[in-house]
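Colleague: this one's structure only:
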């Protein structure tokens, strides 16, 4: 199952029809009454907050021609991370009209 992401059998949008007395009596703050999909941003925010989740950042360093770019591309793809290179970051800065861009372009 893991080798086939996006399997329709594993995709659900749960919505429960529960009256306020059940939820209120349990001391639960009901924040996603309209369903998971419509409230996914709130659910993710609560998940990250409660579990103290930190973003994953990976730096690959090594001498020239040691395979840093190839390894970092594989890691970025496997862990769904943006692939940022020094050259790409500098090119982005150079395109902007800022004081930093002027300094980099000198």
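Modeller: That came in fine, so what should we check first? Everything numeric here is computed off the predicted structure, so don't read it as measured data. Residues are numbered from 1 along each chain as shown.
Colleague: OK, contacts around residue 39?
Modeller: 31, 32 (C-beta atoms under 8 Å, 6 or more residues apart in numbering). (Each C-beta comes from the backbone N, C-alpha and C, glycine too.)
Colleague: mind doing that once more with 10 Å?
Modeller: Residue 39 is in contact with 31, 32, 33, 45, 46, counting by C-beta atoms under 10 Å, 6 or more residues apart in numbering.
Colleague: and the fourth one, what element?
Modeller: This points to residue 45. Taking DSSP states H and E as the criterion, residue 45 maps to helix 40-51.
Colleague: buried residues in that helix, which are they?
Modeller: Under the neighbour-count criterion of 16 or more other C-beta atoms under 10 Å, helix 40-51 has nothing buried.
Colleague: tell me the mean pLDDT for it?
Modeller: Averaged over helix 40-51, pLDDT sits at 87.
Colleague: and residue 48, how close does it get to residue 94?
Modeller: The gap separating residue 48 from residue 94 is 34 Å, by C-beta to C-beta, to the nearest Å.
Colleague: circling back to that earlier point, most widely separated two among the contacts of residue 39?
Modeller: Spanning the widest gap among those are 33 and 45, at 16.6 Å by C-beta to C-beta.
Colleague: tell me where the chain has strands.
Modeller: In order along the chain, the chain carries no strands (DSSP state E).
Colleague: pLDDT weak spots in it?
Modeller: 1-28 (pLDDT under 70).
Colleague: thinking again about what came up before, so which of the contacts of residue 39 would you say is closest to residue 65?
Modeller: For the contacts of residue 39, the minimum distance to residue 65 (C-beta to C-beta) is 42.7 Å, reached by residue 45.
Colleague: which residues touch that closest one?
Modeller: Each residue near residue 45 by C-beta under 10 Å, 6+ apart is listed here: residue 39.
Colleague: fine by me, we can end here.
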